[in-house]
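K.L.:
here is a sequence together with a model predicted from it:
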Protein chains: 2
Amino acid sequence: MVNTLFLPELREMLADGNASGLAEFCTALNPARTADYMEGLTADEAWQVLQHAEAPWRAEIFSYFEWDRQLELLRSQDSAQLADLMAQLAADDRVDLLQELDDQQRVDEVLAYLSVADRRDTLRLQSYPEGTAGALMTTEIAMLPERLTVRGALEELSRQAEELETIYYLYVVDDEQRLRGVVSTRQLVSALAKPDLRLGDLMETDAIVAEVDEDQETVADKVARYNLLAIPVVDSSRKLLGIITHDDVMDVMVQEMTEDFQRISAVSPLEEGYLETNLLTLSWKRGTWLVVLFFGALLTAFALKSYGGELQHFAWLGWFIPLIISTGGNSGSQSATLIITALSTGDVKLTDWIRVIFREWLMGLMLGGGLAMVGMGIAILLAPSPHDALVIPITILLVVACGTLVGATLPLIFKRLGLDPAIMSNPFVSGIIDIVGILIYINVARLILS
Amino acid sequence: MVNTLFLPELREMLADGNASGLAEFCTALNPARTADYMEGLTADEAWQVLQHAEAPWRAEIFSYFEWDRQLELLRSQDSAQLADLMAQLAADDRVDLLQELDDQQRVDEVLAYLSVADRRDTLRLQSYPEGTAGALMTTEIAMLPERLTVRGALEELSRQAEELETIYYLYVVDDEQRLRGVVSTRQLVSALAKPDLRLGDLMETDAIVAEVDEDQETVADKVARYNLLAIPVVDSSRKLLGIITHDDVMDVMVQEMTEDFQRISAVSPLEEGYLETNLLTLSWKRGTWLVVLFFGALLTAFALKSYGGELQHFAWLGWFIPLIISTGGNSGSQSATLIITALSTGDVKLTDWIRVIFREWLMGLMLGGGLAMVGMGIAILLAPSPHDALVIPITILLVVACGTLVGATLPLIFKRLGLDPAIMSNPFVSGIIDIVGILIYINVARLILS
């Protein structure tokens, strides 16, 4: 929903060149709210309005624009102005934006305008592979020596507060920038009564850290587990390289869950948003799995062919095929989804496998039993005799029990093999149940109708 | 994975009554890490070890135990000791634990041991309905008057730092505890050079707040959108009641996504973890949807019955039924999942519906076209003639195109109606495609084979 409350006023101020009015608009509100109110403007208008905000404030408002708007603004402005804004952004956001610009000449120009330190940071951050702690981190952190006192640290913090990405942890390092410990601002404030205490005596040495090449998912797990606001990133010699803040961790968690969502329905995770992904890429990410599943489903055709005789003879059996396989598939997908989500939230561990499988086996009997009774009611209407109709409830009971067992077992096996348990599990489970279900059906039919 | 590194040592110290050793173990490490190392102990042993930590530290370690362990410990100890620990916990955690104890007598005893203020807070927090901001918030916040200076605020903060849930925002209130503005610790630290500045002049008045009865999901969205560490919770007269911190918001986001995961596979969201949910509840949450889907699938049986003649005549047509409906179902689930995740991350908005449907229609033709070619290759092997075989690729193309369209449209319709787009969408989509697929199949067959 685009917020249009201030649009007419903003446009009037732009037309009148009302600099003081625009400057006030830019600073009166929370920057995020200011960004919301500017959503309805064209890129050019938004850029003009932004010029009336002071530099750090401008970057702040800019960072709350939607991603597409940010890129649109960057593409529409010249490199000198861009660099000005870029210098004010957090290093990690700067790198992400430059990466997305898709215009190497433009990127080089912007880099040339940046200060030496900013340029070096940017190039270094760009070099870390996607999905690692290095690619997530930012570099604006408070690194202080052990010998600094509480008073000195507060003064230093006061000087740097504007530039730092977070002021909630102070990182204590030695002369080679190796991490020695962490002091939280909470500890620092608590120690105000002892202003001459040294950071070395206050710091917690058992800091939770992320290795620079660590997978972003494990980093996110640590931050959540230890309730951190930020986690320091170190290299193998424990040199402090940067930090990852909680908001980036939140993004990672949403991203990882979205990927699991996509995998569970047999879509290879998209690297970009749905609307940004081009159709060829999308069809590739979906088509490969569809073809795999298609060949799996082919087995059902061959199974039915080889049992052709029965189906020819008892035509009413054929009518129930879709009902039976989709019921089995649905109960299997339920099990798979429950186990996958429980594994990912840590609610179920691999060591619980016996309990999980026992529960799902019981669940299969309960659900299958219930559905079998409903199925019997229907089958009596369609089958030539109540005795023949028995094929349907017995098959349903067995297929549902199989479904829950397969659905519960597959994610556990995938996890055990070190794979993502979500890999195309639901359609995979349904596919297996299709085949197993048909085999069960035909054999139950043979037994009862012979 | 239970960490057993310190277990033998801990047990030895317990046996020897080595109080100083245990006290050191409790304070030497980060409390979260200490909790990890105690995982292998029995509840009784863990409780004994905890007795050697000082009160606030003990609660800190305790709060990092897994939820089940926390409850186990609480159930095994007497109410006086419990109340001692409870008093040290954050108010929101205390309420959650008491709620889970399932033993009203025990809860009443603990409440009786708490201080008047703690008891009042606890009872008040318990009264907010689950899923609202009120039920998520905690009450330990720094509320300061406008006239307080920067220096005074720092001193006040220093005194309270130990008890506060977060020290990263100071909330400025009037005499009736109504929220006037917010000062971040960052602003406070930046203003150190002007120690006589009043909070009233420093504070941001345009604070982002949550209403006490607001849904937890919209609160989480605000915190994420505005990159907050905590959000203040107010009532309708803007009286400040408490705050919600970012770690609780993270939990809400994971919980909401897990619920969507469950809904998308036709499981009503579980209120507790998978292993904690009893089998009757679980079978109810799954069974109701399975029965609904079962009756939907019954339509396929009646459809096939009424077309019985063709199937009897062309037996090979029957062999392809599972293949066709599961291919359609899979492509439909892919579309539904992509649109549901894109809607939930905000990547797709309702206003994009024309673009989404057009893309999915194209995608259906592309994927359907590809699969149709594969299908033709197989059909030639099984059908009596290449002309007859044509039924298969034409059906596949149409069914996949239908699948993607239905999969893309349903979540948009649900969202438009104000429902959760994830409500049992995948099996629902598959169910529709089962029926539509069979109708398409039979009619294509009639057209070509007649």
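P.N.:
Yes, it's here.

K.L.:
got the CA positions of stretch A:291-303 in PDB?
P.N.:
Extracted in PDB, the C-alpha atoms of stretch A:291-303 (Å, rounded to 0.1, in the frame of the first residue of the first chain):
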ATOM      1  CA  VAL A 291      11.000 -34.200 -15.200                       C
ATOM      2  CA  VAL A 292      12.600 -36.300 -12.400                       C
ATOM      3  CA  LEU A 293       9.200 -36.700 -10.800                       C
ATOM      4  CA  PHE A 294       7.700 -37.500 -14.200                       C
ATOM      5  CA  PHE A 295      10.000 -40.400 -14.800                       C
ATOM      6  CA  GLY A 296       9.200 -41.600 -11.300                       C
ATOM      7  CA  ALA A 297       5.500 -41.400 -12.000                       C
ATOM      8  CA  LEU A 298       6.100 -43.400 -15.200                       C
ATOM      9  CA  LEU A 299       6.600 -46.400 -13.100                       C
ATOM     10  CA  THR A 300       2.900 -46.200 -12.200                       C
ATOM     11  CA  ALA A 301       2.000 -46.500 -15.800                       C
ATOM     12  CA  PHE A 302       4.100 -49.700 -16.200                       C
ATOM     13  CA  ALA A 303       2.700 -51.100 -13.000                       C
END
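
K.L.:
residue numbers of the stretch 351-450 of chain A in contact with chain B?
P.N.:
Selection of the stretch 351-450 of chain A residues close to chain B by CB under 8 Å from any CB of the partner chain yields A:352, A:355-356, A:359, A:362-363, A:366-367, A:370-371, A:374-375, A:378, A:382, A:426-427, A:430-431, A:434, A:438. No exception for glycine: its C-beta is placed from N, CA and C like everyone else's.

K.L.:
make it 7 Å
P.N.:
By the rule CB under 7 Å from any CB of the partner chain, the part of the stretch 351-450 of chain A lying against chain B is A:352, A:355, A:359, A:362-363, A:366-367, A:370-371, A:374, A:378, A:382, A:426-427, A:430-431, A:434, A:438.

K.L.:
quick one, which of those residues are buried?
P.N.:
The neighbour count (16 or more other CB atoms under 10 Å in any protein chain shown) marks A:352, A:359, A:363, A:366-367, A:370-371, A:374, A:378, A:382, A:426-427, A:430-431, A:434, A:438 as buried among these.

K.L.:
check those and tell me the two furthest apart.
P.N.:
Using CB to CB, these span at most 42.0 Å, a distance reached by A:Asp352 and A:Leu382.

K.L.:
ranges for the helices of the stretch 151-300 of chain A?
P.N.:
A:185-190, A:199-202, A:216-225, A:246-264, A:279-306 (DSSP state H, counting those that start in this stretch).

K.L.:
the shortest one vs chain B: in contact?
P.N.:
What that stands for is helix A:199-202. No. Figure legend: helix A:199-202 not in contact with chain B (CB under 7 Å from any CB); closest approach 12.9 Å.

K.L.:
that helix: which residues count as buried?
P.N.:
Applying 16+ other CB under 10 Å to helix A:199-202 flags A:Leu199, A:Gly200, A:Leu202 as buried.

K.L.:
ditto for stretch A:209-221
P.N.:
Result for stretch A:209-221 [16+ other CB under 10 Å]: buried residues A:Val209, A:Ala210, A:Glu211, A:Val212, A:Glu214, A:Gln216, A:Val219, A:Ala220, A:Asp221.

K.L.:
which one of those is nearest chain B?
P.N.:
Minimum distance to chain B across these is 9.4 Å, recorded for A:Ala220 (CB to the nearest CB).

K.L.:
just give me the longest helix of chain A.
P.N.:
In chain A, taking DSSP state H as the definition, the longest helix is helix A:353-382.

K.L.:
which strands or helices does whichever helix or strand comes after that one pack on?
P.N.:
Of the helices and strands lying after helix A:353-382 in sequence (DSSP states H and E), the nearest is helix A:386-389. Contact here means 3 or more CB pairs under 7 Å, 6 or more residues apart in numbering or on different chains; DSSP states H and E; on that basis helix A:386-389 packs against helix A:353-382.

K.L.:
gap between the helix it packs on and the chain center?
P.N.:
Its chain's C-alpha centre and that of helix A:353-382 lie 35 Å apart, by CA atoms, centre = their mean, to the nearest Å.

K.L.:
mean confidence score for that helix?
P.N.:
Helix A:353-382 carries an average pLDDT of 92.

K.L.:
so which elements touch that helix?
P.N.:
In terms of contacts (3+ CB pairs under 7 Å, 6+ apart), helix A:353-382 is packed against helix A:321-344, helix A:386-389, helix A:391-416, helix B:279-306.

K.L.:
which of the ones you listed has the highest mean neighbour count?
P.N.:
Most buried of the helices and strands packed on helix A:353-382, by mean neighbour count (mean count of other CB atoms under 10 Å in any protein chain shown): helix A:321-344, with a mean of 29.

K.L.:
does at least one residue of that helix sit close to chain B?
P.N.:
Yes. For helix A:321-344 and chain B, the contact criterion (CB under 7 Å from any CB) is met by A:321-323, A:325-327, A:330-331, A:333-334, A:337-338, A:341-342.

K.L.:
okay, the angle between that helix and helix A:391-416?
P.N.:
Inter-element angle recorded for helix A:321-344 and helix A:391-416: 30 degrees (by axes from the mean of the first three to the mean of the last three CA atoms, to 10 degrees).

K.L.:
dump the C-alpha coordinates for helix A:321-344 into PDB.
P.N.:
Taking C-alpha atoms only, helix A:321-344 is exported to PDB below (Å, rounded to 0.1, in the frame of the first residue of the first chain):
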ATOM      1  CA  ILE A 321      -7.100 -45.000  -8.300                       C
ATOM      2  CA  PRO A 322      -6.800 -41.200  -8.000                       C
ATOM      3  CA  LEU A 323      -8.600 -41.200  -4.700                       C
ATOM      4  CA  ILE A 324      -6.200 -43.800  -3.200                       C
ATOM      5  CA  ILE A 325      -3.000 -42.300  -4.300                       C
ATOM      6  CA  SER A 326      -3.800 -38.800  -3.400                       C
ATOM      7  CA  THR A 327      -5.000 -39.800   0.000                       C
ATOM      8  CA  GLY A 328      -1.700 -41.600   0.600                       C
ATOM      9  CA  GLY A 329       0.200 -38.700  -0.900                       C
ATOM     10  CA  ASN A 330      -1.500 -36.100   1.300                       C
ATOM     11  CA  SER A 331      -0.900 -38.100   4.600                       C
ATOM     12  CA  GLY A 332       2.700 -38.600   3.600                       C
ATOM     13  CA  SER A 333       3.200 -34.900   2.800                       C
ATOM     14  CA  GLN A 334       1.800 -34.000   6.200                       C
ATOM     15  CA  SER A 335       4.200 -36.300   7.900                       C
ATOM     16  CA  ALA A 336       7.200 -35.100   5.900                       C
ATOM     17  CA  THR A 337       6.300 -31.400   6.600                       C
ATOM     18  CA  LEU A 338       5.900 -32.000  10.300                       C
ATOM     19  CA  ILE A 339       9.200 -33.800  10.600                       C
ATOM     20  CA  ILE A 340      11.100 -31.300   8.400                       C
ATOM     21  CA  THR A 341       9.800 -28.300  10.400                       C
ATOM     22  CA  ALA A 342      10.500 -30.000  13.700                       C
ATOM     23  CA  LEU A 343      14.000 -30.900  12.600                       C
ATOM     24  CA  SER A 344      14.700 -27.300  11.500                       C
END
